[in-house]
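**Q** no letters, just coordinates:
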């Protein structure tokens with residue numbers, strides 16, 4: 001169901017352990033990672049650089065949309081068959097769109113938007129997309145509540161021992177009730193972290209016009225407030241997960257929270273949210289193969305009380321993941337924003 005990977009990728013247990021460690025804390029110092037993984041600093045640095053330069057992983061720093069007031073929507077864009085890929089690639093070049101996939105026989109595009117203002121979101125939905133040639137239909141679904149995703153990262157790995165996981169886990173964040181308003185320096189800081197979540201403080205200082213010490217304090221404050229999180233992005237096929245699909249679930253309003261919590265507890269779920277529209281919930285499932293996806297649908301989803309109809313939409317190709325373009329199964333940096 002997922003796109004084929006051009007080259008066979010051999011990830012040994014240390015590679016996989018390093019990926020899992022970065023999922024837990026994407027900005028952990030190399031020395032700390034080496035200590036927990038019980039190898040030398042040089043080994044960790046060498047492994048990380050190989051994984052990153054080969055396009056197998058990216059550590060990215062991202063704003064938590066609900067905390068900083070971004071307008072997040074899930075879009076389903078229907079296209080003529082010969083237009084879907086060019087439209088998907090054009091959408092992927094937009095900095096306000098974080099995820100883009102080709103789905104449903106290659107005629108439907110799914111994408112996640114992150115607009116800074118309501119005007120920016122409405123311009124995309126009401127002006128840009130409707131005027132795009134060969135787009136035959138658009139449905140936009142506002143993300144109402146995330147049950148899994150963002151700081152809750154799906155990894156599909158069990159390489160680390162419980163004590164290693166505990167040693168890396170950062171303190172829990174309990175965001176306050178009010179939204180945090182990012183200023184322009186913080187948006188500039190996040191623009192750098194969106195390309196490289198492990199960017200050093202000298203680079204962050206140059207991008208923001210702040211001193212290194214101020215840039216450090218700003219980033220630490222954003223993390224403490226729950227306004228930014230660090231994600232490790234990779235193509236699941238490299239870890240042996242070949243089947244990805246979107247699930248659209250019809251659930252009575254009184255059961256949305258219960259069903260959403262159940263989805264969040266499923267290992268197969270990489271993202272789950274309550275959305276606007278006729279179906280109350282959407283989720284992204286990642287499985288080893290189509291047989292495992294069938295088992296998940298019939299046994300795990302089928303046993304959740306409150307689920308009515310389920311639409312299963314296969315993912316044929318990832319075009320953009322967490323802001324990173326996907327080319328030949330590898331992650332590459334997006335072009336600079338205009």
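**A** It's in. As the structure is a computational prediction, the values presented were derived from the model and not from experiment.

**Q** tally of neighbours for residue 163?
**A** The local packing count at residue 163 equals 8, with neighbours defined by other CB atoms under 10 Å. (C-beta placed from N, C-alpha, C; glycine too.)

**Q** tell me how far it lies from residue 291.
**A** Distance, residue 163 to residue 291, by CB to CB, to the nearest Å: 34 Å.

**Q** now residue 84
**A** Using CB to CB, residue 84 is found at 27 Å from residue 291.

**Q** who has more neighbours, the two?
**A** Neighbours were counted for residue 84 and for residue 291 using other CB under 10 Å; residue 84 has more, 24 against 10.

**Q** distance of that one from residue 107?
**A** In terms of CB to CB, residue 84 sits 6 Å off from residue 107.

**Q** can you list residues touching both of those two?
**A** Overlap of the contact sets of residue 84 and residue 107 (by CB atoms under 8 Å, 6 or more residues apart in numbering) is empty.

**Q** show me the contacts for residue 150.
**A** 62, 64, 65, 229, 231 are the contacts of residue 150 under CB under 8 Å, 6+ apart.

**Q** pull the most distant pair out of the residues you listed.
**A** Maximum pairwise distance in the contacts of residue 150, criterion CB to CB, is 12.8 Å, between 65 and 231.

**Q** so residue 271 is in contact with residue 285, correct?
**A** No. When contacts are counted by CB atoms under 8 Å, residue 271 is not listed as touching residue 285 (9.1 Å).

**Q** and the two? Which one has more around it.
**A** A side-by-side neighbour count of residue 271 and residue 285, using other CB under 10 Å, places residue 285 first with 27 against 23.

**Q** host element of the more buried one?
**A** Here residue 285 is covered by strand 281-287, with elements defined by DSSP states H and E.

**Q** swap in residue 223?
**A** Since the elements are taken from DSSP H and E, residue 223 ends up inside helix 212-224.

**Q** next helix or strand past that helix?
**A** Helix 212-224 is succeeded, C-terminally, by strand 228-234 (DSSP H and E).

**Q** for that following strand, packing partners?
**A** The criterion is 3 or more CB pairs under 8 Å, 6 or more residues apart in numbering; DSSP states H and E, and the helices and strands that strand 228-234 contacts are helix 13-24, strand 57-63, helix 184-193, helix 212-224.

**Q** what's the closest of these to residue 92?
**A** strand 57-63 (14.6 Å).

**Q** quick revisit: any idea which of the helices and strands packed on strand 228-234 is most buried?
**A** strand 57-63 (a mean of 24; mean count of other CB atoms under 10 Å).

**Q** hmm, who's touching that strand?
**A** With CB under 8 Å, 6+ apart as the contact definition, strand 57-63 has outside contacts at 19, 22, 26-27, 51-52, 70, 98, 114, 150, 182, 190, 193-198, 227-234, 322-324, 331.

**Q** list the buried residues for stretch 39-52?
**A** Of the residues in stretch 39-52, those buried by neighbour count under the rule 16 or more other CB atoms under 10 Å are 39, 44, 47, 48, 51.

**Q** secondary structure, pLDDT and distance to residue 242 added to the residues you listed, as TSV?
**A** Output for the buried residues of stretch 39-52, formatted as TSV (DSSP: H, G, I helix; E, B strand; the rest coil; pLDDT from 0 to 100; distance: CB to CB, whole Å):
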residue	secondary structure	pLDDT	distance to residue 242
39	coil	97	30
44	helix	98	29
47	helix	97	24
48	helix	97	25
51	helix	95	20
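
**Q** buried residues, the lowest-mean-pLDDT helix or strand in the chain. List them.
**A** Using mean pLDDT, DSSP states H and E, helix 118-123 stands out as the lowest-scoring helix or strand of the chain, at a mean of 84. Residues of helix 118-123 classed as buried: residue 121 (neighbour count, 16+ other CB under 10 Å).

**Q** which strands and helices sit next to that helix?
**A** Judged by 3+ CB pairs under 8 Å, 6+ apart, helix 118-123 is in contact with strand 71-79.

**Q** mind listing what the strand it packs on pairs with, with the direction of each?
**A** Using DSSP bridges, strand 71-79 pairs in its sheet with strand 108-115 (antiparallel), strand 135-148 (antiparallel).

**Q** tabulate the ones you listed (TSV), appending distance to residue 167.
**A** Supplementary listing: the strands paired with strand 71-79 in TSV, determined by distance: least, CB to CB, whole Å:
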stretch	distance to residue 167
strand 108-115	32
strand 135-148	24
